[in-house]
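Trainee: heads up, no residue letters with this:
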């Protein structure tokens with residue numbers, strides 16, 4: 001069987017057998033990969049450090065059919081807040097689960113990998129709820145599943161209030177095309193979602209300056225009303241796409257989040 005080297009993010013793990021794990025990896029080179037890490041739960045296993053949720057690793061894999069095998073891995077980094085703080089962990093789990101839903105196995109998407117790496121770094125510096133919200137809109141866009149907000153999904157009329165939102169149709173409807181009682185969609189909410197979708201993570205996540213000192217965090221103003229509306233719309237759209245809520249939302253709800 002062929003051996004493959006890859007850079008990967010560990011998006012999910014589960015115990016398997018007495019000392020093994022199954023890991024869901026998003027790799028830069030091969031897309032999403034399900035891999036077995038044999039013996040990694042033994043105390044002295046060389047795989048133990050890397051086979052943890054939210055690890056950033058270099059990994060050597062043996063290619064299989066449905067399941068590949070982890071042969072070696074080297075830890076490149078771990079995201080402290082995602083591993084230690086409940087709120088960041090909950091919202092990070094949501095982003096990880098969404099990524100597993102959106103990106104198919106064995107289909108490389110380097111842009112998605114690079115974006116997710118920046119998103120995980122942003123969790124270290126920023127409000128986890130806001131990071132997760134922006135991340136979800138961006139990941140949907142990378143997967144080609146954005147809500148259509150620029151023009152009416154029926155007739156193509158440019159956005160002009162009053163517009164309505166139709167989740168089943170996947171976007172906005174103009175006054176002539178919308179049905180009576182359809183929820184209105186404000187221009188301010190459209191602008192906020194567009195702002196989230198265009199967010200520059202390198203600026204947002206307080207990048208390191210040339211001398212190694214942190215740059216000031218880029219300002220990002222958020223109105224609570226728009227945040228809640230964007231969340232509500234996102235969750236409704238995801239239920240429509242997947243036919244069910246993501247499991248990680250129960251974890252967030254326990255913490256009093258969305």
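Mentor: It's in. Since we're looking at a predicted model, the values are computed, not measured.

Trainee: okay, CA-based contacts and neighbour counts for the rest of this
Mentor: Noted.

Trainee: which residues of the stretch 101-250 of the chain fall in strands?
Mentor: Defined through DSSP state E, counting those that start in this stretch, the strands belonging to the stretch 101-250 of the chain, from first to last, are 163-166, 171-173, 184-185.

Trainee: other residues contacting the first one?
Mentor: Okay, so that is strand 163-166. Counting by Cα atoms under 8 Å, 6 or more residues apart in numbering, the neighbours of strand 163-166 from elsewhere in the structure are 171, 172, 173, 174, 175, 178, 182, 183, 184, 185, 186.

Trainee: partner strands of it, parallel or antiparallel?
Mentor: Taking DSSP bridges as the criterion, strand 163-166 forms sheet pairs with strand 171-173 (antiparallel), strand 184-185 (antiparallel).

Trainee: same question for it, mean pLDDT?
Mentor: In this model, strand 163-166 has a mean pLDDT of 96.

Trainee: re earlier: please identify the deepest-packed of the strands paired with strand 163-166.
Mentor: Across the strands paired with strand 163-166, the average number of neighbours (mean count of other Cα atoms under 10 Å) peaks for strand 171-173, which reaches a mean of 26.

Trainee: next one: it to chain centre, how far?
Mentor: Using Cα atoms, centre = their mean, to the nearest Å, the distance from the centre of strand 171-173 to the centre of the chain it belongs to is 24 Å.

Trainee: what average pLDDT does that strand get?
Mentor: Per-region confidence: strand 171-173 scores 97 on mean pLDDT.

Trainee: quick one: closest of the strands of the stretch 101-250 of the chain to residue 106.
Mentor: Distances from residue 106 to each of the strands of the stretch 101-250 of the chain were compared by Cα to Cα, and the smallest falls on strand 171-173, at 29.7 Å.

Trainee: what lies in contact with the closest one?
Mentor: For strand 171-173, the surrounding residues in contact (Cα under 8 Å, 6+ apart) are 147-154, 163-166, 185.

Trainee: change it to 7 Å
Mentor: Where contact means Cα atoms under 7 Å, 6 or more residues apart in numbering, the residues beyond strand 171-173 that reach it are 147, 148, 149, 151, 152, 153, 154, 163, 164, 165, 166.

Trainee: make a markdown table out of these and add distance to residue 53 and neighbour count.
Mentor: A markdown table is the format used below for the contacts of strand 171-173 (distance: Cα to Cα, whole Å; neighbours: other Cα atoms under 10 Å):
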| residue | distance to residue 53 | neighbour count |
| --- | --- | --- |
| 147 | 30 | 21 |
| 148 | 33 | 16 |
| 149 | 35 | 22 |
| 151 | 40 | 17 |
| 152 | 41 | 23 |
| 153 | 39 | 20 |
| 154 | 42 | 14 |
| 163 | 42 | 24 |
| 164 | 40 | 23 |
| 165 | 36 | 23 |
| 166 | 36 | 21 |
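
Trainee: hmm, back to that, let's have the strands paired with strand 163-166 in JSON lines, adding distance to residue 11.
Mentor: JSON lines is the format used below for these (distance: least, Cα to Cα, whole Å):
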{"stretch": "strand 171-173", "distance to residue 11": "29"}
{"stretch": "strand 184-185", "distance to residue 11": "34"}
